[in-house]
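Asks: A structural model of the following input is requested.
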Amino acid sequence: MIRAGRRGFVQNSSDLAAAMGFASMKTFRNKKPYEAEGFPDPISGPEAKTRLWDGEQTAAYLAGAPVPALPDVDDDEDLLERSEAAAFLNVSPKTWDSYKKAPRIAPHLQKAAGVEHCPRGVLRAYRETPATSEAVHRPKGSGDMVPRDQLHARIGELLDADPALTLAKLTGELGIANSTATRALPRVRGERIADLCASEEDLAPEQAAERLGYPAAVRQAAVAYARTALRGRRLRPYVQSVVDELVVEGQVAEQDVEMVHVAGDVVAAAVVLTADAPVPALVWDERWGWRTAPNRRHPLGLETGAAPEGDGIRYLGPGLQPSPRQLIEAIAAGA
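Replies: Numbering: from 1, shown residues only. Purely as a prediction, here's the structure:
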């Protein structure tokens, strides 16, 4: 985390590489000078995708001077990155991606060295203050009254107050269409089931649904979504390892891979490459493995239930989960 008052000292990998005189990021990543004995620890969380350091500490180390200690007392002005914010709220980073869009959080998000953070005090207020909402009436034929990017967070707040939340109450509270509510409510319940299962290894999704207080009549759909979500979480480290290697090769920007659900219960991921990479984008699908995609804006394409074919689509092997090096070589072979 970034301790209160220290945002101006934050360094990312590019900043640190420049300070240490490295001509290229690839050399910096290959040499890993930040792993040297005595080098200051990153201030980013252990699960963070992007490492951050305190520039005052790194400057002291590089000058051969004693490395100053950072404050060790929690403050509401501390800035927490994605994995730290998720841990503070006792949810998964994926669930945090929905929570952060809530009206009580979104306006307070801020970036430091290119990484999004949230103040501890905002998270504390969100965790400790029950959500309230006023019923709204949705005129017939009007659009949803809650922005799509805030919907899951708002549903989560309502579930906190009432695990047996009905579609009728949801549409009345948020002013959304019944079709929107029918799709979203089981997904949010499913994510919460998956979060609980992830925190307790031996807990079955059905048991988690019961513990969360979800009525028996709605559990089947929520449990089905949770099973897919859990499978996506197990597969994500593999896909992330490939992306991390592509980062080292300079073919993609640093990013946290997002696993998405297609065709209902299939896990996939899309990765947009840099402008000078051999292909515009890559897609990994648990059914078909890796493939190139010709469209950066919509790399997943239209779901038909069959393996996509067409111009700009090339399957990359061997197998469904080639090693990062095998995939990079396969991309280059067809460039």
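
Asks: what's the nearest residue to the residue positioned nearest the centre of the chain if we skip its chain neighbours?
Replies: With distances taken as CA atoms, centre = their mean, residue 94 lies nearest the centre of the chain, 4.7 Å away. Computed as CB to CB, 6 or more residues apart in numbering, the closest residue to residue 94 that is not its neighbour in sequence is residue 191, at 6.9 Å. Just so you know, the C-beta spots here come from the backbone N, C-alpha and C atoms, and that holds for glycine as well.

Asks: so what's the residue count around the closest residue to residue 78 other than its chain neighbours?
Replies: Residue nearest to residue 78 in three dimensions, not counting chain neighbours: residue 120, with 4.3 Å by CB to CB, 6+ apart. Neighbour count of residue 120, defined by other CB atoms under 10 Å: 20.

Asks: now do the contacts for residue 120.
Replies: 1, 74-80, 88 (CB atoms under 8 Å, 6 or more residues apart in numbering).

Asks: from the residues you listed, which ones fall inside helices?
Replies: residue 88 (DSSP state H).

Asks: of the contacts of residue 120, which belong to strands?
Replies: 79-80 (DSSP state E).

Asks: name the helices or strands packed onto the helix or strand encompassing the residue nearest to residue 94?
Replies: Here residue 191, judged by DSSP states H and E, is contained in helix 178-199. Other helices and strands packing on helix 178-199, by 3 or more CB pairs under 8 Å, 6 or more residues apart in numbering; DSSP states H and E, are helix 93-99, helix 148-161, helix 167-174, helix 205-211, helix 216-248.

Asks: tell me the buried residues in the third one?
Replies: Which is helix 167-174. Neighbour counts over helix 167-174 (16 or more other CB atoms under 10 Å) mark 170-174 as buried.

Asks: determine the set of other helices and strands touching that helix.
Replies: helix 148-161, helix 178-199.

Asks: give me the angle between the shortest one and helix 167-174.
Replies: Orientation note: helix 148-161 sits at an angle of 120 degrees relative to helix 167-174 (axes from the mean of the first three to the mean of the last three CA atoms, to 10 degrees).

Asks: state the mean pLDDT of helix 148-161.
Replies: On average, the pLDDT along helix 148-161 is 86.

Asks: quick one: contacts of that helix?
Replies: Contacts of helix 148-161 (CB under 8 Å, 6+ apart): 95, 98-103, 105-106, 130-131, 133, 144, 146, 165, 169-170, 173-174, 176, 180, 184-185, 187-189, 191-192.

Asks: so where is this structure shaky, pLDDT-wise?
Replies: Applying pLDDT under 70 to the chain flags residues 130-146, 335.

Asks: so residue 117 sits against residue 110, correct?
Replies: Yes - if you go by CB atoms under 8 Å, residue 117 and residue 110 touch, sitting 5.9 Å apart.

Asks: those two: who's more crowded?
Replies: residue 117 (24 against 13).

Asks: report the contact partners of the more buried one.
Replies: Counted by CB under 8 Å, 6+ apart, residue 117 has contacts 1-2, 79-81, 85, 109-111.

Asks: and those residues as JSON lines, adding distance to residue 329?
Replies: Below are those laid out as JSON lines (distance: CB to CB, whole Å):
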{"residue": "1", "distance to residue 329": "39"}
{"residue": "2", "distance to residue 329": "39"}
{"residue": "79", "distance to residue 329": "40"}
{"residue": "80", "distance to residue 329": "39"}
{"residue": "81", "distance to residue 329": "33"}
{"residue": "85", "distance to residue 329": "38"}
{"residue": "109", "distance to residue 329": "39"}
{"residue": "110", "distance to residue 329": "40"}
{"residue": "111", "distance to residue 329": "35"}
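
Asks: just the buried residues out of those residues, in PyMOL syntax.
Replies: Selection of buried members from these for PyMOL, criterion 16+ other CB under 10 Å:
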select buried, resi 1+2+79+80+81+85
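
Asks: name the SS class of residue 270, please.
Replies: strand (DSSP: H, G, I helix; E, B strand; the rest coil).

Asks: picking up where we left off before, I'd like the helices and strands packed on helix 167-174 laid out as CSV, including distance to residue 268 and mean neighbour count.
Replies: Shown next, in CSV, are these (distance: least, CB to CB, whole Å; neighbours: other CB atoms under 10 Å):
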stretch, distance to residue 268, mean neighbour count
helix 148-161, 19, 18
helix 178-199, 16, 20
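
Asks: got these as TSV, with distance to residue 320 columns?
Replies: Conversion of the helices and strands packed on helix 167-174 to TSV gives the following (distance: least, CB to CB, whole Å):
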stretch	distance to residue 320
helix 148-161	30
helix 178-199	23
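
Asks: of these, which approaches residue 233 most closely?
Replies: Between residue 233 and the helices and strands packed on helix 167-174, the shortest gap by CB to CB is with helix 178-199, which sits at 6.6 Å.

Asks: sorry, back to before: so can I have CSV of the helices and strands packed on helix 178-199 showing distance to residue 290?
Replies: Output for the helices and strands packed on helix 178-199, formatted as CSV (distance: least, CB to CB, whole Å):
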stretch, distance to residue 290
helix 93-99, 22
helix 148-161, 29
helix 167-174, 38
helix 205-211, 29
helix 216-248, 8
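
Asks: which one of the ones you listed lies closest to residue 18?
Replies: helix 216-248 (17.4 Å).
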